[in-house]
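Here is my input, please return the structure:
(3 chains)
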Amino acid sequence: MPLEALQQPERAAAVAADAFALMRELFPLVRSITGNGVRRTLDGVEAWIPLTRHEVPSGTPAFDWEVPQEWNVREAHITEVATGRRLVDLRAHSLHLVSYSTPLRARLSRAELEPHLHSLPDQPDAIPYRTSYYRETWGFCLSQRQRDALAACGEGPFDVVIDSTLAPGHLTYAECRVPGETEDEAVVYTHVCHPGLANDNLTGIAAAAALARELRAGPKPRLSWRFVFAPGTIGALTWLARHEAELPRIRAGLVIGLLGDAGALTYKRSRRGNALPDRAAELIVPAAGGRLVDFEPYGYDERQFCSPGFDLPFGRLTRSPNAAYPEYHSSADDLDFVRPEALAGSLQCLAALVDAIDANQPWRNLSPKGEPRLGKRGLYGLTGGAGPGQFEHALLWLLNQSDGRHDLIHIAARSKLPLPLLARAARALHEAGLLAPADAPPSMQPEEEGTSP
Amino acid sequence: MPLEALQQPERAAAVAADAFALMRELFPLVRSITGNGVRRTLDGVEAWIPLTRHEVPSGTPAFDWEVPQEWNVREAHITEVATGRRLVDLRAHSLHLVSYSTPLRARLSRAELEPHLHSLPDQPDAIPYRTSYYRETWGFCLSQRQRDALAACGEGPFDVVIDSTLAPGHLTYAECRVPGETEDEAVVYTHVCHPGLANDNLTGIAAAAALARELRAGPKPRLSWRFVFAPGTIGALTWLARHEAELPRIRAGLVIGLLGDAGALTYKRSRRGNALPDRAAELIVPAAGGRLVDFEPYGYDERQFCSPGFDLPFGRLTRSPNAAYPEYHSSADDLDFVRPEALAGSLQCLAALVDAIDANQPWRNLSPKGEPRLGKRGLYGLTGGAGPGQFEHALLWLLNQSDGRHDLIHIAARSKLPLPLLARAARALHEAGLLAPADAPPSMQPEEEGTSP
Amino acid sequence: MPLEALQQPERAAAVAADAFALMRELFPLVRSITGNGVRRTLDGVEAWIPLTRHEVPSGTPAFDWEVPQEWNVREAHITEVATGRRLVDLRAHSLHLVSYSTPLRARLSRAELEPHLHSLPDQPDAIPYRTSYYRETWGFCLSQRQRDALAACGEGPFDVVIDSTLAPGHLTYAECRVPGETEDEAVVYTHVCHPGLANDNLTGIAAAAALARELRAGPKPRLSWRFVFAPGTIGALTWLARHEAELPRIRAGLVIGLLGDAGALTYKRSRRGNALPDRAAELIVPAAGGRLVDFEPYGYDERQFCSPGFDLPFGRLTRSPNAAYPEYHSSADDLDFVRPEALAGSLQCLAALVDAIDANQPWRNLSPKGEPRLGKRGLYGLTGGAGPGQFEHALLWLLNQSDGRHDLIHIAARSKLPLPLLARAARALHEAGLLAPADAPPSMQPEEEGTSP
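All right, here's what the predicted structure looks like:
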């Protein structure tokens, strides 16, 4: 199995350490849904894996949406005029500016400034993360302590500078494709639009890059794997719109992110509830100490992939889900918040998921009437009476269930045998001429998990 | 939702008080499966709501049955000849005479009388309820204490008078139809044949009348609602026979009765087990402190609606089920046995069931590829990053699930959001042009819940 | 029901005593997958029931296999040359020789002998059971104590004699067919190839013989029952190959064996998981203190019947499953290991399973619209108001569920009424013209219990 090494703790720990170095490098960049912050983030990823970049012009339609203007910012700060003190400065933290803030250079009273300030009174040291992609306005995010200091300046005035541009340009996303033995595809998708948040989502970016790097280095996978780095929502919609013809080839997708906090692993099922990645997760995530939760239409880009017009087999892996930890969407989600051993555990689990999805070949027993004679093919102990071992059990399960309707994940769940053992036994039976690859029959194609009558 | 007011405790308590007044008025009438007791009961109901009356001639076939002769009684009593003491008198309690007793005017010894007496030795003060619709005989029901007193008279003789008529006539039933926006129908059915029992079934009669009165007063429902007041068994069979052509329009039915005792609410599933009223009850009854039980072919008129030749989507709501309380089918089931607060709670639950069944519109997302932009339609907060509220969650759930295969009850169950909130959000999305009413697809039509292989 | 008597403890105890006598007679025979040991075993069975014998020539193909050469043995022993002491002798125990050992007459050193010896160091008094059907070799099985005694002889030499023949001949199996009212069939299958093991499988042989004897003596069953006595694996494969055209007639099959140990009854589901015998067992086995386990492709001949090319509705009844007790496949599985009361309990349970499978007629309600009038047909109490008894409940359940899609086992499970009561009520309704036998519709035909998507 292509990622068998990464399933082991030692390799996962080493790769997690690499991932941390990448995250540290990418942390200061001012990312948004468009602009140079995304491009420089992709430059960092490209040091690990080759990327195909896509630049999609502003105004390009994407279903009910369209690609917005491109936003970039050089500097942004608030200065007390009386003292020349710089009270808030984007250089200090990339969260200080509301994303997509319009350009501004003005002297304002505190009363004029106040409606444009965002803070978290309950978390006085944390800077919140706020955006205004679709309403042209501006704003600053600051800690409650900074806001109190600003209030102590009385009515001001304050010099407010936002040296940004909001103009026709492009939305940027990138893919790394690892070709497999078949044209069937699997997708790992992660969002690249968040500035200054480490768990959300430098962990996702680094994990996707690591998986792609390891997959390229190992034996050729069965499926062709596509790793997508794109902004949230509009990026996913744009990707869906531009790749709509390719969607029928997708057998499984994983949206990943938030992979480094101390919470247990959380797999969120696809809208279908029993799609291929859901079934792989059922086998793997609880054994890794994690849990599965049902689909809901709030979260990350699984919302778009699982909208009813697509209903793609996409699940999501995080540790704590979005909005489920106090540091979420604030400056408290920094590099110290991410735990290397948690990230390593996430990589191990992701490697097992990728391997299970990739190995999930359905087979057909070519000698289905009675058991074939395994002994004469060197596959079974020759003295009778003492009972078979685990490998022999795997052979028997594969032969019994391989009627073209049961895939390896089904057999692993039913037999309680490890999937890698079953994959090995399937190869042995294939070489002995007893199993042939089966086309997935209609009943194994995507279908709804149950409709209400 | 048409009965939203009745779902509230205050309105339910007021309506329950009205219902009590109606029950008190109807209590003394000598009801049976035919005759003037039924007609006068319907007169009482008609003071609240307009009724369409049906008089079906004796001998009219109804599947394996036919409408029996009409039975009426003026007086019935047993008198000790020696003393002139009237020992049992129908005027004292309408349960004293076995229903459908044949006329009699005779002087009998106690030995001749005894086989015609019915009492409950274990409940010495209670008069039992007995009928003999299909075997021509006569009998008296009396408390064990009365029977002991009669025995104390020695061998009698006794003058026995039953001034009844059993002759060609009619079976009487009535309907109140509340027209809705569509021709699809829902039915509330209650039996009107029991004399002198308050919980069984003056509560059902009064509750049906109250629901119809409130529904007529409120906003027009989506379904056309039909309230049927008819005798048990032969009434239901006659109604089925005369309305067979209309049955395919019925989306849901509720048999109601026994709504005022102190027991918890009990919803009995339809034969199908997952029909529309069953799914509505799943959502509503446990939240109202009640429970659901599976269908069994013993009970009230759900027996006929759920016979295999019809298999209609009819469930039943009672508090304690039939035969599940000691006062059942005896004079102990009197007006004091019924608790106003229990009846009010039943009305609240019924109102929620009616509203859920009525609102259960399936919708279709007209912008199903990705999420539509709710912000530009004024349906979503405009600053990003801080997460949506409950109304926004309802919008997302509706858009995600409205593929024409999931109705509101399904979405309410899956999202755990209140059905009224979802109904409100669906209207908002409809007005924004994002949802359109969907025809119920084949998979939402009546179907069997699971056949044995 | 044909085996109603055997369901009772007294009759079951008497039959178990008979079975013990048969087992004692058959114990010493040297059985294998071919040869005279099997023939003499069948002679013993034939004292109870008539058998149709089949002799299938060596070399006859059976799917991926072929009938092997026939093996017989007259004597086999190991003698210490120095003392003339006979250290191991087949006459002492039929397990001493590895089944299918090739002929040998040689003087060997202990070093030469050792690789051909099998013992159980952890169970020093037990002789293991070993076979070598498909690799031409020879061997002796002995207790660890015997092996230690042999080692104490130093390097020997030893005279080793195996007076066996391995030559073209026949595989022997036999059937007893009890004709029923229909051509639909049920099969009870037991393996006859094990030498010197009492629970595995003289209990199965004696139980099958007893069931057939009792079934022949009672009222004619509905299904035609076939009792098959054949060697394991190759016997089942040969039987399948020779009777392939008859397989579509089989409604249910039971592989039986290991019926006398102290363990609880264990029913192993068919591969389908919800086939007719599985559903009968669900009703009967837990009530008999036993348990059901899921199918797995290791065990006895259910492996062959449930291979994917056949996927027949065969379950298996044992007490402890194969390999689940320490005495398994060793001389500790002797006649003392088998408990008469355990065997009697197994017979009771088997009788109930046979009766349930046999009675599982689907019926069709001929008066399906509403309930038919049971009173006028003498099937129901005539005075109303007091509620029905258990027989009346059975009538109502049968009428309600008999739409041709629900069989008696389904109705018994759903109503929680005893199957024999339902069978009696069904006959009464049939005689009253209210139920007619229904053909099993497509949905009641064999089908898979659930495929993976």
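
give the contact list for the nearest residue to A:Leu399 once chain neighbours are set aside.
Leaving aside its sequence neighbours, A:Leu399 sits nearest to A:Asn365 (CB to CB, 6 or more residues apart in numbering or on different chains; 5.2 Å). Placement of C-beta: from N, CA and C, glycine included. Shown in contact with A:Asn365 (CB atoms under 8 Å, 6 or more residues apart in numbering or on different chains): A:Leu398, A:Leu399, A:Asn400, A:Ser402, A:Asp403, A:Leu434, A:Leu435, C:Pro308, C:Gly309.

Quick one: the strands in the stretch 201-350 of chain A, in order.
A:224-230, A:250-256, A:266-268, A:291-293, A:314-318 (DSSP state E, counting those that start in this stretch).

Which residues of the stretch 101-250 of chain A lie near chain B?
Counting by CB under 8 Å from any CB of the partner chain, the residues of the stretch 101-250 of chain A lying close to chain B are A:128-135, A:139, A:233, A:236-237, A:240.

per-residue pLDDT, the residue of the stretch 151-300 of chain A found nearest chain B?
Nearest residue of the stretch 151-300 of chain A to chain B (CB to the nearest CB) works out as A:Pro297 at 3.7 Å. If you check A:Pro297, the pLDDT there is 96.

circling back: could you look over the strands of the stretch 201-350 of chain A and pick the most buried one?
Counting by mean count of other CB atoms under 10 Å in any protein chain shown, strand A:314-318 has the highest mean neighbour count of those, with a mean of 28.

Now do it: everything it contacts.
Contacts for strand A:314-318 (CB under 8 Å, 6+ apart): A:187, A:189, A:252-259, A:265-270, A:275, A:277-278, A:281, A:285, A:299-300, A:302, A:305-306, A:346, A:349-350, A:353.

now do stretch A:230-241
Contacts of stretch A:230-241 (CB under 8 Å, 6+ apart): A:32-34, A:38, A:56, A:60-63, A:65, A:67-68, A:133, A:171-174, A:189, A:191-194, A:228, A:247, A:300-301, A:303-305, A:310, B:369-371.

Helices - which of those residues land there?
A:Val38, A:Arg303, A:Gln304, A:Phe305 (DSSP state H).

quick one: which of those residues is most hemmed in?
Within these, neighbour counts (other CB atoms under 10 Å in any protein chain shown) peak at A:Gln304, which reaches 28 neighbours.

Check the separation of the first and last residues in stretch A:62-72.
When the termini of stretch A:62-72 are compared using CA to CA, to the nearest Å, they are 22 Å apart.

Just confirm yes or no for it near chain B.
Yes. Residues of stretch A:62-72 contacting chain B under CB under 8 Å from any CB: A:Ala62, A:Phe63, A:Asp64, A:Trp65.

Residues in contact with that stretch: which ones?
Under CB under 8 Å, 6+ apart, the answer for stretch A:62-72 is A:32-36, A:56-60, A:99-100, A:133-134, A:164-171, A:234, A:237-238, A:240-241, B:367, B:369-373.

Show me which residues of stretch A:185-201 are buried.
Of the residues in stretch A:185-201, A:185-201 count as buried by neighbour count, 16 or more other CB atoms under 10 Å in any protein chain shown.

Tell me how far it lies from the chain's centre.
Its chain's C-alpha centre and that of stretch A:185-201 lie 6 Å apart, by CA atoms, centre = their mean, to the nearest Å.

now swap in stretch A:2-19 and tell me
Counting by CA atoms, centre = their mean, stretch A:2-19 comes out at 17 Å from the chain centroid.

One more: stretch A:23-38?
Relative to its chain's centre, stretch A:23-38 lies at 17 Å (CA atoms, centre = their mean).

quick one: terminal-to-terminal distance for it?
14 Å.
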